[in-house]
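Trainee: Starting from these lines, generate the structure:
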Amino acid sequence: AARVADHIGTTHAEAHITRELFIERWQWMIRELGVPLSTPNEVAIHAVAARLRADNCIVTLSGEGADELFAGYEGPMRSALAFTQAASRAPLADHAMHALYASAWVNAETKAAVVNENIRADLDNDAWLHGVYVDEFRAMADESNGRLLDAHLRMQRRVNLAGLLQRLDTATMLNGVEGRTPIADIRVAELAESLPMSLKFAVDDDTEPSTSGGGGVAVATKVRTKIALRDAFRDIVPQEVMDRPKASFPLPFQGWMADAVPVLDRSALVREVFNGAAIAAVKTQPEKLWNLAWPMLNLAMWGESQGF
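Mentor: Next up, the predicted model:
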């Protein structure tokens with residue numbers, strides 16, 4: 001960010017987040033919003049908004065939409081590509097379940113192992129959630145004219161982007177800052193969806209000449225994401241920034257979550273939802289089990305804020 005700001009002549013400012021601030025702000029945001037947080041990035045977005053407000057900036061532009069519209073999530077896209085290639089004839093319901101658990105904090109097997117049986121029964125083993133995903137994926141497949149990889153990307157737009165925009169709005173508005181997302185504009189979305197997948201996401205095999213005269217030998221795989229978007233801004237953004245690996249807010253939250261573990265001892269709600277073995281595992285290894293610790297601690301904090 002500093003490199004780009006220097007290159008295009010804008011002012012660069014930073015918002016620093018400490019371990020103590022992360023825990024305090026996490027708990028405070030849950031109390032203020034009345035719901036658990038979805039991702040640790042909400043704390044980071046709020047910190048950025050606080051810095052903007054301190055600098056008398058009350059409107060901000062943000063880049064939400066770029067990944068969901070132009071295939072910027074390499075991991076989920078590679079996973080979807082592998083699944084569509086291996087299971088091209090699978091029912092759409094299978095693709096829907098892949099889309100659900102590819103981006104979930106825990107997979108179906110882990111959830112079944114850590115959530116109490118009576119809770120799973122009350123939820124009918126997530127039948128409602130599965131039904132929603134199946135219906136949505138079928139709609140995305142229809143919009144994509146049966147192109148399954150396109151359907152998976154559209155599912156990211158339908159689910160991930162809607163959540164991102166909501167999180168941006170709540171995290172910034174807690175500081176009185178209005179977030180605007182030009183890349184998620186409907187006209188940009190329509191343009192993005194009119195482009196073939198080859199202009200958004202591609203997996204290429206680099207080759208070396210073969211000494212046996214067989215043409216070439218594949219030696220490495222190169223993944224290209226957000227291809228059209230990168231090309232559109234290549235004459236504005238420095239090349240080393242344009243071609244760097246994707247990075248999110250680099251919060252080391254996995255290690256920081258240990259400071260929030262005491263809330264589990266006070267939470268009757270967590271004991272009602274999760275079994276004792278799962279709670280004990282998170283209490284002793286929150287960093288290693290961060291993908292389970294995050295939703296469990298969120299639920300505990302939210303329950304405490306609501307008086308149960």
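Trainee: ok, which stretches of this structure are strands?
Mentor: For the chain, the strands defined by DSSP state E cover 59-61, 178-180, 202-209, 216-224.
Trainee: Figure out how far the second one is from the centre of its chain.
Mentor: Computed by CA atoms, centre = their mean, to the nearest Å, the chain-centroid distance of strand 178-180 equals 19 Å.
Trainee: for the first one, same thing?
Mentor: The chain centroid and the centroid of strand 59-61 are separated by 21 Å under CA atoms, centre = their mean.
Trainee: Show me the contact partners of it.
Mentor: Here strand 59-61 makes contact (CB atoms under 8 Å, 6 or more residues apart in numbering) with Val48, Ala49, Leu52, Thr172, Val177, Glu178, Gly179, Arg180, Thr181, Pro182. Any C-beta I mention is one placed from the backbone N, CA and C, and that applies to glycine too.
Trainee: Could I get the pLDDT score of the third one?
Mentor: Right, the one you point to is Leu52. Leu52 carries a pLDDT score of 95 in this model.
Trainee: separation between it and Ala171?
Mentor: Distance, Leu52 to Ala171, using CB to CB, to the nearest Å: 11 Å.
Trainee: So for these two, which sits in the more crowded spot?
Mentor: Neighbours were tallied for Leu52 and for Ala171 using other CB atoms under 10 Å; the higher tally belongs to Ala171 (24 against 20).
Trainee: quick one: the nearest residue to the more buried one once chain neighbours are set aside and Leu52, what's the gap?
Mentor: In space, and not counting its chain neighbours, Ala171 is closest to Ile45: 4.0 Å by CB to CB, 6 or more residues apart in numbering. Shown here: Ile45 relative to Leu52, a distance of 10 Å by CB to CB.
Trainee: Please apply the same query to Arg157.
Mentor: For Arg157, the distance to Leu52 - CB to CB - is 27 Å.
Trainee: Next up, phi/psi of the nearest residue to Arg53 once chain neighbours are set aside, please.
Mentor: Distance criterion CB to CB, 6+ apart; nearest residue to Arg53, sequence neighbours excluded, is Asn175 at 4.6 Å. With angles defined as degrees, to the nearest 10, Asn175 sits at phi -110, psi 10.
Trainee: So Asn175 is in contact with Val48, correct?
Mentor: No - with contact defined as CB atoms under 8 Å, Asn175 does not reach Val48; the gap is 9.1 Å.
Trainee: So these two - more neighbours on which side?
Mentor: Val48 (22 against 17).
Trainee: Excluding residues flanking it in the chain, which one is nearest Leu269?
Mentor: Per CB to CB, 6+ apart, closest to Leu269 is Gly303, 3.4 Å.
Trainee: contacting residues around the residue nearest to Arg53?
Mentor: His46, Ala49, Ala50, Leu52, Arg53.
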